[in-house]
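Chemist: For reference, the sequence and a predicted model appear below.
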Amino acid sequence: MKSSDKPPTILNVLKTAQPVSNNLEVDKFADRRVGKYCISEGRIWLFCEQYIIKDGTPVEKKTALTHNFVALIDEQHNFDDGIQTTTAFSIIAKHKSGRVLSTLTIPATQYNAMQWALKNWGALAISEANAATPRQLANAILILSGDIPIIDIYQHTGWRMIKNEWHYLSGSGAIGANGLDSSIRVDLGFEELADFSLPEPDKDPTIARELFDFLTIAGGNNLAVGVSIFAGNVRSVLGEAYAVDFSLFLAGKTGCGKTEVMALAQSAFCKYRYRILPAGFKDSQTALTIKSHRIKDASLAIDDIKPGASRKQRDEKIEKFNHLVEETGDQNARSRANADMSAQKMVRPRCMPFITGEIIPDGSSSTLGRLLAVEIKRGDINLTTDSSFLTSLQHKAVEGKYSKAMATYIQWLAPRMSELKRTFRKTCQVERDEAKKSPDKFLTGSHARFAESYAQLKCATDLYLEYCLEVGGIKKSDAEGYRATIDKGLQSVIRAQGQFQKDSDEAERAIRLLGAGFKSGEFYVANYLTKGPPTFNPYTWGWRKLAEKEGFAESIAGKGDQIGWIRQAKIKKSELGNIAKDDFDCDVEDETKSELWLIPDAFYKAVQRLANAQGQPLKLGMTDLFRGLIEIRVLVRTEFDKKSKTTRYSTQTPCAVPGFKKPRVLSIYCKTILEESDDDSEWEVVESSNDKAR
């Protein structure tokens with residue numbers, strides 16, 4: 001073999017590929033020339049042909065592009081968030097003194113302007129002043145960098161098809177059927193999300209038991225808290241199979257332990273940080289939207305909805321809250337367009353939001369229908385220093401037991417994900433239909449969406465129990481015990497939603513304001529025949545005694561403005577029983593069938609005035625409010641307009657009232673208000689007033 005035929009040594013390959021230093025390490029900043037650009041004297045230069053001599057040799061002019069530094073592109077990063085891909089350059093640099101400058105990651109769209117050098121390195125990176133320098137320098141750096149490695153970096157957690165196999169991404173890499181692949185890079189972009197990093201799955205099947213700790217996090221005091229957290233976590237990891245369309249809200253006063261609970265719940269997907277959650281309503285709306293988008297197929301704890309120092313701060317937080325809950329529930333987001341009128345990719349939440357707050361924000365019934373609210377009280381969580389159970393949970397979270405348990409479950413799910421994408425939704429729909437037929441009737445009075453939310457949580461926990469049994473993590477008897485506990489807790493969560501819905505419903509609130517206005521003397525209604533007070537419970541309908549004055553007998557009067565009438569129903573003697581016939585000499589009033597006739601405009605104006613006084617105006621216009629009264633089954637009757645083919649919420653009275661022929665009114669049963677009132681209230685004696693007494 002000739003010497004020329006010998007294979008090149010590694011050293012020779014390195015020398016021909018790129019510059020090396022004396023200790024054989026690659027020196028990326030060594031002097032060299034590529035095309036018309038070169039690195040020399042710790043600067044970047046441009047060679048331009050000035051003229052050509054007679055023998056054809058060009059004479060070049062050497063022009064400096066940088067004054068005191070050399071910058072090169074170390075890597076090209078293709079960031080993939082599952083919706084769109086963006087490109088950025090990882091840029092390294094060295095000052096001519098030998099000082100290595102900080103590495104920068106610059107979006108490709110900002111690269112050519114070259115403003116990033118001065119902005120980040122200041123006087124250590126001075127470019128020569130020339131109109132063409134930015135364009136020439138940007139091109140020089142690209143060419144002098146040689147073959148730039150292209151690195152794919154994922155910008156979301158959760159499931160992703162990689163090399164035709166399902167993998168679950170987190171900061172540590174990707175978990176597939178064969179375990180953790182740490183060569184796959186994930187960068188979520190926010191410092192607060194850097195801890196979303198799952199460990200290597202455990203080979204011990206008993207690790208599956210660890211997540212059951214969440215079931216009794218509130219002991220026996222409040223089963224709904226622990227069950228909702230456990231079920232929410234195992235539901236969130238199935239977002240790829242069936243997108244999560246509701247949020248979990250943990251409501252409680254400060255000091256009840258809700259933040260500690262959420263920090264423990266979050267530790268199933270990331271490193272445990274005591275009382276520190278990865279997102280909050282102090283974040284900007286954009287930041288919160290991006291976080292909820294990048295945390296995919298996992299829970300995202302968000303702290304904290306509470307009354308702000310000002311009404312403006314409170315309203316800003318509630319606006320962010322409503323935005324997040326509605327976009328999660330609808331699995332949709334506001335459409336946006338680029339400057340060139342092309343459509344932007346839609347960024348929507350892909351996590352299971354775990355929200356904490358001191359108050360349940362006011363919202364429409366549709367918004368609250370996308371929210372499972374769980375109330376936590378002081379004492380539900382034992383926060384004393386001798387609480388060994390809570391302390392043991394925190395120690396396990398620090399050790400990573402819950403994240404390891406979740407990683408092991410994810411490894412089990414990986415080869416089953418394709419099948420789950422076909423079947424899990426259908427399984428939830430079957431469970432939903434069965435729940436509606438349940439003899440327990442726990443769905444009675446709740447929003448229609450809660451049946452679906454219950455079914456999703458139930459099916460997710462059933463799948464986790466199936467996993468535990470298959471790998472031998474628990475015994476069959478234990479699984480039945482866990483299943484009973486979970487179902488009991490989930491049903492208690494769903495039952496509570498009906499009252500939350502009622503408390504926040506604007507139509508229900510209008511009825512409460514109506515009753516409060518009567519009782520506080522803001523307005524009144526009169527007997528439709530006599531113009532005087534109703535003969536039953538006049539105090540309840542806004543009437544007060546007037547103080548007796550010299551020469552005048554004691555009398556009563558309605559307080560405030562008149563907003564309608566009462567039509568008092570009678571029971572005929574013939575309809576009374578034998579005992580009643582002996583007790584009554586005449587027909588008696590039937591309060592349950594007596595009707596409250598409200599003048600529509602006067603009613604809306606009156607309750608809106610009270611709502612404004614509370615600092616929380618009614619969110620519904622008059623027509624929408626009347627429609628809401630139908631939905632809560634308060635209106636006695638409505639009328640169909642044949643001409644417009646629409647429903648009219650006001651109806652004409654069946655008989656005339658003093659001063660009116662047959663006015664159009666809203667008809668409500670008096671018992672609706674009486675049920676909210678205290679019938680034993682004492683009469684309030686008031687001074688006569690021309691503008692108040694009637």
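Modeler: Here it is on my side, so go on. Note that the coordinates shown come from a computational prediction; the quantities given were computed from them, not determined experimentally.
Chemist: Without its sequence neighbours, what residue ends up closest to residue 296?
Modeler: Of all residues not flanking residue 296 in the chain, residue 158 sits nearest, at 3.3 Å (Cβ to Cβ, 6 or more residues apart in numbering). Every C-beta, even on glycine, is put in place using the N, C-alpha and C of the backbone.
Chemist: Same check on residue 140?
Modeler: That would be residue 37: by Cβ to Cβ, 6+ apart, it lies 4.1 Å from residue 140.
Chemist: roughly how far apart are the one you found and residue 392?
Modeler: 63 Å (Cβ to Cβ, to the nearest Å).
Chemist: more crowded one of these two?
Modeler: Between residue 37 and residue 392, counting by other Cβ atoms under 10 Å, residue 37 is the more crowded of the two (20 against 11).
Chemist: Strands of the stretch 151-300 of the chain, residue ranges please.
Modeler: 158-162, 165-170, 173-176, 179-181, 185-186, 247-251, 299-305 (DSSP state E, counting those that start in this stretch).
Chemist: Determine the angle, from 0 to 180 degrees, between the last one and strand 247-251.
Modeler: For the pair strand 299-305 and strand 247-251, the angle between their directions (axes from the mean of the first three to the mean of the last three Cα atoms, to 10 degrees) equals 40 degrees.
Chemist: hang on, the earlier thing: with mean pLDDT, mean neighbour count and distance to residue 211 added, can I get the strands of the stretch 151-300 of the chain in TSV?
Modeler: Listed next are these as TSV, based on pLDDT from 0 to 100; neighbours: other Cβ atoms under 10 Å; distance: least, Cβ to Cβ, whole Å:
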stretch	mean pLDDT	mean neighbour count	distance to residue 211
strand 158-162	96	19	18
strand 165-170	97	24	16
strand 173-176	97	24	16
strand 179-181	96	17	19
strand 185-186	96	18	23
strand 247-251	92	25	16
strand 299-305	91	24	12
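Chemist: hang on, the residue nearest to residue 140 packs against residue 44?
Modeler: Yes - judged on Cβ atoms under 8 Å, residue 37 makes contact with residue 44 at a distance of 6.7 Å.
Chemist: any shared contact partners between the two?
Modeler: 65, 140, 144 (Cβ atoms under 8 Å, 6 or more residues apart in numbering).
Chemist: before we move on, back to that, to residue 568, which of the strands of the stretch 151-300 of the chain lies closest?
Modeler: strand 247-251 (42.4 Å; Cβ to Cβ).
Chemist: Packing partners of that closest one?
Modeler: helix 223-236, helix 258-266, helix 311-330, strand 352-357, strand 371-375 (3 or more Cβ pairs under 8 Å, 6 or more residues apart in numbering; DSSP states H and E).
Chemist: Note down every partner strand of that strand and its orientation.
Modeler: strand 352-357 (parallel), strand 371-375 (parallel) (DSSP bridges).
Chemist: who wins for proximity to residue 177 among those?
Modeler: So among those, strand 352-357 is nearest, using Cβ to Cβ, at 23.8 Å.
Chemist: relative to helix 258-266, how tilted is the closest one?
Modeler: 170 degrees.
Chemist: Leaving out chain neighbours, which residue sits closest to residue 418?
Modeler: residue 166 (6.8 Å).
Chemist: The one you found pairs with what?
Modeler: Listed beta-bridge partners, residue 166: residue 161 (assigned using DSSP bridges).
Chemist: So what's the model's average confidence on the longest helix along the chain?
Modeler: In terms of residue count, the longest helix belonging to the chain (DSSP state H) is helix 476-504. Taken as a whole, helix 476-504 has a mean pLDDT of 87.
Chemist: So which elements touch the helix or strand just after that helix?
Modeler: From helix 476-504 onward toward the C-terminus, using DSSP states H and E, the following helix or strand is helix 506-519. Contact here means 3+ Cβ pairs under 8 Å, 6+ apart; on that basis helix 506-519 packs against strand 523-527, helix 600-613, helix 622-631, helix 671-674.
Chemist: Go again with 6 Å.
Modeler: helix 600-613, helix 622-631 (3 or more Cβ pairs under 6 Å, 6 or more residues apart in numbering; DSSP states H and E).
Chemist: what sits up against it?
Modeler: 502, 523, 541-542, 606-607, 610, 618-620, 625, 628-629, 632, 673, 676-677 (Cβ atoms under 6 Å, 6 or more residues apart in numbering).
Chemist: what about dumping the CA coordinates of it to CSV?
Modeler: Extracted as CSV, the C-alpha positions of helix 506-519 are listed here (Å, rounded to 0.1, in the frame of the first residue of the first chain):
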residue,chain,number,x,y,z
GLU,A,506,-77.9,35.9,36.8
ALA,A,507,-81.6,35.1,36.6
GLU,A,508,-81.4,33.5,40.1
ARG,A,509,-79.6,36.5,41.3
ALA,A,510,-82.3,38.9,39.9
ILE,A,511,-84.9,37.0,41.9
ARG,A,512,-82.8,37.3,45.0
LEU,A,513,-82.4,41.0,44.4
LEU,A,514,-86.1,41.3,43.9
GLY,A,515,-86.9,39.7,47.2
ALA,A,516,-84.2,41.8,49.0
GLY,A,517,-85.6,45.0,47.4
PHE,A,518,-89.1,44.3,48.7
LYS,A,519,-87.9,43.6,52.1
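Chemist: what angle do it and helix 622-631 make?
Modeler: 100 degrees.
Chemist: how far is stretch 86-106 from where the chain is centred?
Modeler: Distance of stretch 86-106 from the chain centroid (Cα atoms, centre = their mean, to the nearest Å) equals 38 Å.
Chemist: One more: stretch 193-205?
Modeler: 25 Å.
Chemist: Could you write out the alpha-carbon coordinates of it in PDB?
Modeler: Included here for stretch 193-205 are C-alpha records, laid out as PDB according to Å, rounded to 0.1, in the frame of the first residue of the first chain:
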ATOM      1  CA  LEU A 193     -42.100  25.600  33.400                       C
ATOM      2  CA  ALA A 194     -38.500  24.300  33.500                       C
ATOM      3  CA  ASP A 195     -39.400  21.900  36.300                       C
ATOM      4  CA  PHE A 196     -41.800  19.900  34.100                       C
ATOM      5  CA  SER A 197     -39.400  17.000  33.900                       C
ATOM      6  CA  LEU A 198     -40.400  13.400  34.400                       C
ATOM      7  CA  PRO A 199     -37.900  10.800  35.700                       C
ATOM      8  CA  GLU A 200     -37.000   7.400  34.300                       C
ATOM      9  CA  PRO A 201     -40.000   5.000  34.800                       C
ATOM     10  CA  ASP A 202     -39.700   2.600  37.800                       C
ATOM     11  CA  LYS A 203     -39.500  -1.100  37.200                       C
ATOM     12  CA  ASP A 204     -41.200  -1.800  40.600                       C
ATOM     13  CA  PRO A 205     -45.000  -2.100  39.900                       C
END
